[in-house]
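Enquirer: Here you go, sequence then predicted model.
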Amino acid sequence: MNALIMVLPGDGTGPEVTDQAVEVLETVAELYGHRFTIRTDLVGMDAIEAYGAAIADDTLADCAQADAILFGAVGGLTQVGDGPRPEQALFRLRTEFELFANLRPVRPFGALIDASPLKPEYLKGTDLLFVRELSAGLYYGHLETVPGKPSEIRRRGNRMEAIDTLLYTEDQIERVVRTAFELAGTRRRNVTSVDKANVLSSSVLWRRVVERVAREHPEVTWEHMLVDTCAMRLIRNPAEFDVVVTENLFGDILTDEASMLAGSIGMLPSASLGSRRTPGGVFGLYEPVHGSAPDIARQDRANPIGAILSAAMLLRHSLGLHPEAAAVEAAVEAVLADGFRTEDIAYAGGTAIGTAELGSRVREQL
Ligand code: ATP
Ligand code: MG
């Protein structure tokens with residue numbers, strides 16, 4: 001197949017891990033006879049320097065032409081004040097393309113299970129997929145406020161107060177819940193919907209929508225779970241979950257909690273899906289869960305697996321190339337099983353190697 005992939009490597013370790021992921025995509029294209037056109041542009045600090053904004057309008061226009069975006073990381077020190085900040089790039093991409101469903105799979109690899117804070121017997125069989133609502137909720141407040149700008153702190157008499165607004169509309173809930181049920185259909189057919197319906201009105205509406213969407217998917221078993229219960233059960237029995245769907249803030253916290261099951265932040269991929277259809281699936285932005293990690297940047301020390309697995313998600317969700325995606329994941333698993341480690345996972349034993357060598361070993365396995 002032909003596909004156009006927009007690559008935005010960004011700051012810190014972003015470029016070096018993204019390079020490895022791009023080379024994996026090129027290897028997949030060669031092996032399976034696809035033609036991927038890769039277009040690269042600046043984002044984050046370099047974009048601020050070159051274009052005066054964390055992402056240029058022209059870059060956004062190029063992204064709109066693409067089937068998917070492969071993103072590295074943004075972050076870095078800017079002057080205080082109202083100037084542009086590198087993180088605004090992600091924010092603009094999310095709003096511009098209405099990326100409403102944030103997917104974070106967590107599957108501890110056998111070779112690393114000892115590196116997890118949990119006992120191996122607790123982790124056995126863990127393979128879960130978080131679907132976090134990404135476009136609404138507390139982070140957005142009222143529709144009239146500037147997205148991402150925290151509500152003002154104001155004075156009332158001699159005290160200060162601050163208000164955040166948690167607003168969800170029926171369709172914002174419906175589209176993400178539908179995504180979760182559809183994805184569950186391709187996995188173990190189970191959905192856990194997480195909310196706080198004993199306290200929050202938005203959660204009561206959330207439940208109603210879940211119940212309606214669930215009726216359209218009789219093949220999927222599902223349950224409601226309170227967020228506090230979920231926080232506990234993720235540690236107590238992570239293997240019980242298949243797909244977990246939840247609103248923005250709960251998802252932010254629970255996905256960080258769940259990510260630790262996998263051993264290192266450098267291992268974890270993510271996808272942020274929109275609703276525009278592509279020939280093979282839906283348009284999305286794919287990035288490792290970790291940030292720009294400036295402390296280890298440009299030293300060939302970063303773990304590229306999160307970025308490589310993000311490329312696998314791109315193949316699966318935006319291009320519909322399921323066997324190719326599974327092959328990339330199997331190659332990563334094989335490299336780990338052979339004992340090769342970047343330093344963040346070297347505590348699991350094995351041979352310590354650098355970013356580039358780990359990437360090339362994944363391609364060799366492919
Ligand atoms: P940002 O502000 O961009 O989020 P950060 O430093 O706050 O950057 P991360 O980039 O997530 O956050 O890094 C957190 C810690 O995890 C750092 O010590 C970093 O070195 C480590 N880390 C992050 N990504 C990787 C990786 N790919 N491989 C190895 N270590 C990583
Ligand atoms: Mg960070």
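Expert: Cool, the structure landed. Ligands and ions are numbered 1, 2, ... in the order given.

Enquirer: The helix or strand of the chain with the lowest mean pLDDT pairs with which strands, and in what direction?
Expert: In the chain, no helix or strand scores lower on mean pLDDT, DSSP states H and E than strand 153-156, which sits at a mean of 82. According to DSSP bridges, strand 153-156 has the following sheet partners: strand 159-162 (antiparallel).

Enquirer: Going by proximity to ligand 1, name the top residue of this protein.
Expert: Closest contact between the chain and ligand 1, by CB to the nearest ligand atom, is at residue 291 (2.1 Å). From N, CA and C alone the C-beta is placed, and that goes for glycine too.

Enquirer: For that residue, list the residues it contacts.
Expert: Counting by CB atoms under 8 Å, 6 or more residues apart in numbering, residue 291 touches 12, 73, 75.

Enquirer: rewinding a little: let me see the residues that make contact with the least confident helix or strand of the chain.
Expert: 160-162.

Enquirer: top of the contacts of residue 291 by neighbour count?
Expert: residue 73 (32 neighbours; other CB atoms under 10 Å).

Enquirer: Doesn't the residue of the chain closest to ligand 1 belong to a strand?
Expert: No: read with DSSP: H, G, I helix; E, B strand; the rest coil, residue 291 is coil and lies in no strand.

Enquirer: okay, it: pLDDT?
Expert: pLDDT for residue 291: 94.

Enquirer: Equivalent analysis for residue 142, please.
Expert: pLDDT recorded at residue 142 is 62.

Enquirer: same check, this time on residue 117
Expert: Looking at residue 117, the pLDDT reads 77.

Enquirer: quick one, phi/psi of it?
Expert: Main-chain torsions, residue 117, degrees, to the nearest 10: phi -70, psi -10.

Enquirer: Setting aside sequence neighbours, what's the nearest residue to it?
Expert: The shortest distance from residue 117 to any non-neighbouring residue, by CB to CB, 6 or more residues apart in numbering, is to residue 260 (6.1 Å).

Enquirer: and the residue positioned nearest the centre of the chain, what are its bridge partners?
Expert: Closest residue to the average C-alpha location of the chain: residue 270 at 2.3 Å, with CA atoms, centre = their mean. Note on residue 270: beta-bridge partners by DSSP bridges are residue 287.

Enquirer: didn't it look like it was pressed against residue 286?
Expert: Yes: taking contacts as CB atoms under 8 Å, residue 270 lies within contact range of residue 286: 7.1 Å.

Enquirer: C-alpha coordinates for stretch 258-265, CSV please?
Expert: The C-alpha trace of stretch 258-265 is given here as CSV (Å, rounded to 0.1, in the frame of the first residue of the first chain):
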residue,chain,number,x,y,z
ALA,A,258,-0.5,1.2,34.8
SER,A,259,2.6,2.1,32.8
MET,A,260,4.8,1.1,35.7
LEU,A,261,3.7,-2.5,35.3
ALA,A,262,5.8,-2.6,32.1
GLY,A,263,9.1,-1.9,33.9
SER,A,264,10.3,1.4,32.3
ILE,A,265,8.7,4.5,30.8
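
Enquirer: Any buried residues in that stretch, and which?
Expert: Buried residues in stretch 258-265, counted by 16 or more other CB atoms under 10 Å: 258-265.

Enquirer: May I ask which two of those residues are separated the most?
Expert: 258 and 264 (13.5 Å; CB to CB).

Enquirer: circling back to that earlier point, off-centre distance for the least confident helix or strand of the chain?
Expert: 36 Å (CA atoms, centre = their mean, to the nearest Å).

Enquirer: Name the residues of it that are buried.
Expert: In strand 153-156, counting by 16+ other CB under 10 Å, buried: nothing.

Enquirer: on that earlier part again, state the pLDDT value of the residue nearest to residue 117.
Expert: At residue 260, the model reports a pLDDT of 87.

Enquirer: Please name the nearest non-neighbouring residue to residue 191.
Expert: Nearest one to residue 191, counting by CB to CB, 6+ apart, is residue 222 at 4.0 Å.

Enquirer: The helix or strand harbouring that neighbour pairs with which strands?
Expert: Secondary structure from DSSP states H and E places residue 222 in strand 221-226. The pairing partners recorded for strand 221-226 under DSSP bridges are strand 190-195 (parallel).

Enquirer: can you list the residues that contact the strand it pairs with?
Expert: 177, 180-181, 184, 203, 206-207, 210, 214, 220-227, 230, 241-247, 250, 254.

Enquirer: One more: stretch 321-340?
Expert: Here stretch 321-340 makes contact (CB under 8 Å, 6+ apart) with 1, 24, 28, 32, 34, 109-112, 280, 305, 308-309, 311-313, 315-316, 349-351, 353, 357-358, 361-363, 365-366.

Enquirer: does residue 84 really touch residue 78, like I thought?
Expert: Yes: counting by CB under 8 Å, residue 78 is a contact partner of residue 84 at 7.2 Å.

Enquirer: When the two are compared, which one has more neighbours?
Expert: Ranked by neighbour count (other CB under 10 Å), residue 84 and residue 78 place residue 84 first, with 17 against 14.

Enquirer: SS state for the more buried one?
Expert: State at residue 84, reduced to three classes by three-state DSSP: coil.

Enquirer: residue contacts, residue 179?
Expert: Taking CB under 8 Å, 6+ apart, we find residue 179 in contact with 101, 131, 245, 273.

Enquirer: Please read the previous query as pertaining to residue 14.
Expert: Neighbouring residues of residue 14 by CB under 8 Å, 6+ apart: 44, 71-74, 292.
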